[in-house]
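Participant: Any chance you can model this:
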Amino acid sequence: MMPLKLRPFLFIIITMLLLLLFIPKTVLADISDKPVITSVHIASQITPDSTKAFLTIKAISVSPITSIRFQLLCPDNSMESFNCIIKGGFNKTPSGEWEYTHTTTVLKNAIAGRYIYNNIRVGNTNMVSDIWPEEVGIDINTSDDKPVITAMSIANQETIDGFQIAVSVRAKSVSQVNWLNRDFYGPEGLISSVGAEVHFAQVSPEVFEYTWTDTISRYDSSGKYYYSNICIENERQIQSDFWPNELGTEINTYSYERVVVPVAYPKGGSLPTGTIVKLTSETPDATIYYTTDGSTPLTPSTVSFQYSEPIIVHKAMTIKAIAVKDGMVNSPIMNETYTLYSGGGGGGPSPPVNIVARPIAEPSYQEVSIGSQVFLSTVTADANIYYTLDGSEPVPGRDGTLLYDSSNPITINQSCILKVVAEKTGMNNSAIKTVAYTLVQANKVNYKVYINGTEIQSDAGFYESEGVVLASLKCLAEAMGLQVTWSPVDQQVKFLLGSISLVMTTNNSKYVLNGVEIEGLVSPIIVDGGIFAPAQSVVESFGGKAIVEKPQDECFIATAAYGSKFQPCVTLLRQFRDKYLLTNNIGTSIVQFYYRHSPPIARFISQSEGLRAITRVLLTPFVMAVYCVFHPGWASVIFAIVFIVAIIFTTKRRGLT
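Facilitator: Sure, this is the predicted structure:
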C-alpha cells in the first residue's frame with residue numbers, strides 16, 4: 001500500500017503523462033514555438049541608378065525563422081505580394097533574437113512617392129507569426145532627385161525664308177532628363193503649348209543640355225516672340241520648378257518689302273467648262289508661279305508652273321499662286337478653288353476694243369503623245385471658235401474649217417499644225433493662234449525605277465527615249481525632295497535643292513548644272529500635258545542613285561526547247577510578248593507570272609533531248625499562230641491549206657465506208 005502522503009504526487013504525475021499522450025502536438029507547438037515579431041524598421045540608400053529600401057525585422061522563436069511574408073503598396077496604388085524562403089534563415093543576435101533585412105530596389109525611372117509595407121509576418125519550420133500591427137513606409141525620389149533648370153539662352157538667326165529661334169536649356173539632375181514643357185507666344189498671342197518627350201544630352205555628371213528651334217516665316221507678324229511656363233522632368237517623373245522669367249526675342253519680319261499677293265480673275269467658284277483664269281500682281285515685274293493640284297508653289301517636292309498666259313479651267317482644280325521678285329520678300333499664297341457646271345465657255349475680262357480676243361490653246365507646248373487632248377478658249381464671252389489641223393487659215397464656213405465644241409476637245413493623233421480663230425457677231429475676228437504639235441518619239445514602258453534604294457510610283461508612268469528612262473517632274477520632286485519650276489515661255493524646267501540647281505530645256509540635250517553647261521543624255525519631253533525628265537541625270541545631279549529594272553528579255557521554256565534565245569521561233573515569241581503582252585495590264589501580269597514560275601521547268605526540259613523535242617512539237621501550233629498574227633496574208637494561205645486537207649481527208653474517209 002502506497003502511503004497517503006504520496007498519493008497526491010502520484011496523481012499529478014499520472015495526469016501530466018496523460019496530457020502528454022493525448023493533447024495534440026500542434027497545440028503544444030503553438031504554446032512553445034510560435035514566432036513573435038518584436039520590431040520592424042525601414043531605411044533607405046540612394047545610388048546613381050536606384051534607391052534601395054531596407055526592411056529590417058526582428059523576432060523571437062524557439063526554432064530558426066526561415067521565411068518572410070509582406071505586401072508592398074506602390075505610389076500608383078499597385079500592390080506586390082512577397083512570400084520568400086530565406087536562404088540560410090534569419091541571423092541570431094547576441095540578445096537571442098532572430099534578425100533579417102530585406103532589400104527592395106526601386107529603379108531611378110520608377111514612380112516617385114511613398115512605398116508602404118504591410119501584412120508583415122515571419123515563419124519558422126512549424127509556425128507563422130501574427131501580422132505586425134503597423135504599416136511601415138518610406139518616401140522615395142523626392143527632393144533628392146528633383147531636377148533643377150540652371151541656365152537658359154535664346155537667339156534668333158535670319159534665314160532665306162524668315163527667322164529661326166534657337167533656345168538652349170541646361171539642367172542638373174541625378175537621373176536622365178527626358179521631358180520638356182513650354183508655352184510659345186508671338187505678337188498675336190499663344191502660338192503653341194508643348195509637353196513632349198525629348199532627349200537631353202548629358203554633358204557632365206548630373207548635368208544635361210537640350211536645344212530646340214522654332215521657325216518664324218517672313219509672312220508672320222513682327223514683334224516679340226517669347227517662351228514661358230518652362231519646366232522639365234526626369235525619368236523618375238519628377239518635375240522641376242518653372243523657370244522664373246520669360247525668355248524672348250524681338251523679330252522684324254518686314255525688313256524687306258513684300259511682293260503683293262496675286263489675284264485671280266474670276267475668283268474661285270462654280271464656272272463653265274473652258275473658263276479662263278488670269279493671274280496678276282500689283283508689284284511691277286513680279287513673276288508668278290502657280291500649281292493646279294492644291295500643292296504650295298515653290299516648296300520642296302512640288303512642281304510649280306511659271307505663269308505666262310491665262311489658265312483654262314477644263315476640270316475641277318485648286319489654283320495656288322505666289323509672286324516673287326528679286327530683292328523683295330515673296331508674296332503670301334493665293335488660293336482659289338474652281339468647280340464646273342455645264343454651260344457656255346468664255347469667262348474672264350473682255351478685251352477693251354471691238355475685236356474678239358485671240359484664242360488660247362492648252363497645251364500650248366509642241367511635243368505631245370498620240371491621243372493628247374487640246375482645249376481651246378477665248379476671253380470674249382459667247383464667241384465661236386474655229387480651227388484647222390493642216391496648217392491652212394481657218395475661215396468660218398469654209399471646207400476643212402471645224403467649229404470647236406468645248407465638251408469635245410481636239411484629239412491629236414498625228415503631228416499637225418493647229419490654227420485657231422474666234423468670231424462673234426458685231427465684232428472683228430480675232431488674231432489667229434498657231435501651234436505646231438509634234439508627236440513625241442518616246443515609248444511608255446513598264447519598268448521599275450528605284451531612287452536611293454526605294455521603288456518610286458508614278459501615276460503618269462515612265463517613258464523611254466533613246467534608251468533613257470524619263471519620269472514625271474512630280475515623281476522626281478517627291479522622290480528627291482526637289483523644288484521644281486516649269487517655264488512654258490522658255491520651255492525650261494529648273495530643279496533646286498539647297499545650293500544645287502539643274503536646268504533642262506526641251507529639244508536640247510545640254511543641261512546647266514550650277515551655272516555650268518554640261519552634255520546630257522536626252523532632253524525633257526512633254527507627254528499628255530505632263531513634263532518628263534531623264535530620271536538618272538536628275539537624281540545623280542543631286543547626289544542620289546537611280547536604278548532602272550527592265551523586264552527580263554527571256555523566253556525560258558522556248559529557249560530550252562530550241563537551244564538558243566536567238567533561234568527564229570524564240571525571237572518571234574519575244575516580239576509577240578513585247579508588242580501584244582507588255583503593252584497592257586493583263587498581258588504584263590501573264591508575263592510576270594511566267595517569269596516567276598517557268599525557270600525551273602525550263603531547267604528540267606533542258607536536261608533531256610526527248611523532252612526538248614516534245615516541247616518543240618507542243619510549241620509549234622502556238623509559234624504558227626503568232627507568225628500568222630504578224631503575217632495575216634500567210635494566215636489566209638495556211639487556213640486554206642488546212643481547209644483543203646480537211647475536205648480531202650473527209651472525202652476519202654466516206655469513200656472507204
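Participant: Tell me which helix or strand comes right after the helix or strand bottoming out on mean pLDDT in the chain.
Facilitator: Every helix and strand of the chain was ranked by mean pLDDT, DSSP states H and E. The lowest is helix 25-33, at a mean of 49. Sequence-wise, the next helix or strand downstream of helix 25-33 (DSSP states H and E) is strand 36-46.
Participant: now for that following strand, which elements pack on it?
Facilitator: Using 3 or more Cβ pairs under 8 Å, 6 or more residues apart in numbering; DSSP states H and E as the contact criterion, the elements in contact with strand 36-46 are strand 50-60, strand 113-124, strand 136-140. Quick note: C-beta positions are derived from backbone N, CA and C, even for glycine.
Participant: I'd like the ones you listed as CSV, with mean neighbour count appended.
Facilitator: Formatted as CSV, the helices and strands packed on strand 36-46 follow (neighbours: other Cβ atoms under 10 Å):
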stretch, mean neighbour count
strand 50-60, 19
strand 113-124, 19
strand 136-140, 18
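Participant: For P284, which of those strands is the nearest?
Facilitator: Across the helices and strands packed on strand 36-46, P284 has its closest neighbour in strand 113-124 (69.0 Å, Cβ to Cβ).
Participant: counting contacts, what elements does the closest one pack onto?
Facilitator: For strand 113-124, the packing partners by 3+ Cβ pairs under 8 Å, 6+ apart come out as strand 36-46, strand 50-60, strand 65-73, strand 98-107, strand 136-140.
Participant: For S301, find the nearest of those strands.
Facilitator: With Cβ to Cβ as the measure, strand 98-107 is the member of the helices and strands packed on strand 113-124 nearest S301 (44.5 Å).
Participant: Run me through the strand neighbours of the closest one, direction for each.
Facilitator: Next to strand 98-107 in the sheet, as set by DSSP bridges, lie strand 50-60 (antiparallel), strand 91-92 (antiparallel).
Participant: can I get these in TSV with distance to T505 and mean pLDDT?
Facilitator: Putting these into TSV (distance: least, Cβ to Cβ, whole Å; pLDDT from 0 to 100) gives the following:
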stretch	distance to T505	mean pLDDT
strand 50-60	68	88
strand 91-92	92	87
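Participant: what would the ones you listed look like in TSV with distance to M624?
Facilitator: Shown next, in TSV, are the strands paired with strand 98-107 (distance: least, Cβ to Cβ, whole Å):
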stretch	distance to M624
strand 50-60	84
strand 91-92	100
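Participant: which one of those strands lies closest to R258?
Facilitator: Of all those, strand 50-60 sits nearest to R258, with 58.2 Å by Cβ to Cβ.
Participant: which one of the strands paired with strand 98-107 lies closest to V421?
Facilitator: strand 50-60 (88.6 Å).
Participant: Now do the helices in this structure.
Facilitator: Ranges of helices within the chain are 7-22, 25-33, 473-480, 535-541, 556-562, 568-576, 585-606, 609-630, 632-656, based on DSSP state H.
Participant: what bits of the stretch 201-350 of the chain have low per-residue confidence?
Facilitator: For the stretch 201-350 of the chain, the stretches with pLDDT under 70 are 254-256, 342-350.
Participant: partner residues bridging S44?
Facilitator: Going by DSSP bridges, S44 is paired in beta bridges with A53.
Participant: Quick one: residues contacting it.
Facilitator: Taking Cβ atoms under 8 Å, 6 or more residues apart in numbering, we find S44 in contact with 51-54, 138, 140.
Participant: Most widely separated two among those residues?
Facilitator: Comparing all pairs in those by Cβ to Cβ, the longest separation belongs to F54 and I140, at 12.1 Å.
Participant: Would you single out the least confident of the helices of the chain?
Facilitator: Looking over the helices of the chain, mean pLDDT reaches its minimum on helix 25-33, with a mean of 49.
Participant: for D130, phi and psi?
Facilitator: phi -70, psi 160 (degrees, to the nearest 10).
Participant: Next, the contact list for it, please.
Facilitator: The neighbours of D130, taking Cβ under 8 Å, 6+ apart as the test, are 36-37, 121.
Participant: With pLDDT and distance to S192 added, can I get these in JSON lines?
Facilitator: Compiled in JSON lines, the contacts of D130 are given as follows (pLDDT from 0 to 100; distance: Cβ to Cβ, whole Å):
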{"residue": "V36", "pLDDT": "91", "distance to S192": "63"}
{"residue": "I37", "pLDDT": "92", "distance to S192": "57"}
{"residue": "R121", "pLDDT": "92", "distance to S192": "55"}
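Participant: Let me see the contact set for I322.
Facilitator: The neighbours of I322, taking Cβ under 8 Å, 6+ apart as the test, are 262, 288-290, 296-298, 330-334.
Participant: same question but for A264, I mixed them up
Facilitator: 277-279, 319, 321, 334, 336.
Participant: since we're on Y185, how many residues are nearby?
Facilitator: Y185 has 17 neighbours, counted by other Cβ atoms under 10 Å.
Participant: still on that earlier bit, just the buried ones from the contacts of A264?
Facilitator: Among the contacts of A264, those buried by neighbour count (16 or more other Cβ atoms under 10 Å) are 277-279, 319, 321, 334, 336.
Participant: Hmm, L439 is touching S415, no?
Facilitator: Yes: at 5.2 Å, L439 counts as touching S415 under the criterion of Cβ atoms under 8 Å.
Participant: out of these two, which sits in the busier spot?
Facilitator: A count of neighbours by other Cβ under 10 Å puts L439 above the other of L439 and S415, at 17 against 14.
Participant: gap between the closest residue in space to V62 that isn't next to it in sequence and G610?
Facilitator: In this structure, V62 finds its nearest non-sequential neighbour in D33, 4.3 Å apart by Cβ to Cβ, 6 or more residues apart in numbering. For D33, the distance to G610 (Cβ to Cβ, to the nearest Å) stands at 95 Å.
Participant: Between those two, which is the more surrounded one?
Facilitator: Taking other Cβ under 10 Å, D33 and G610 do not tie; D33 has more neighbours (14 against 8).
Participant: do you know how far that one is from N124?
Facilitator: Using Cβ to Cβ, D33 is found at 7 Å from N124.
Participant: Which neighbours do those two have in common?
Facilitator: Taking Cβ under 8 Å, 6+ apart as the contact rule, D33 and N124 both touch 61-63.
Participant: Turn the residues you listed into CSV, including distance to G515, neighbour count and pLDDT.
Facilitator: Formatted as CSV, the shared contacts of D33 and N124 follow (distance: Cβ to Cβ, whole Å; neighbours: other Cβ atoms under 10 Å; pLDDT from 0 to 100):
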residue, distance to G515, neighbour count, pLDDT
S61, 94, 24, 88
V62, 99, 12, 85
S63, 96, 15, 86
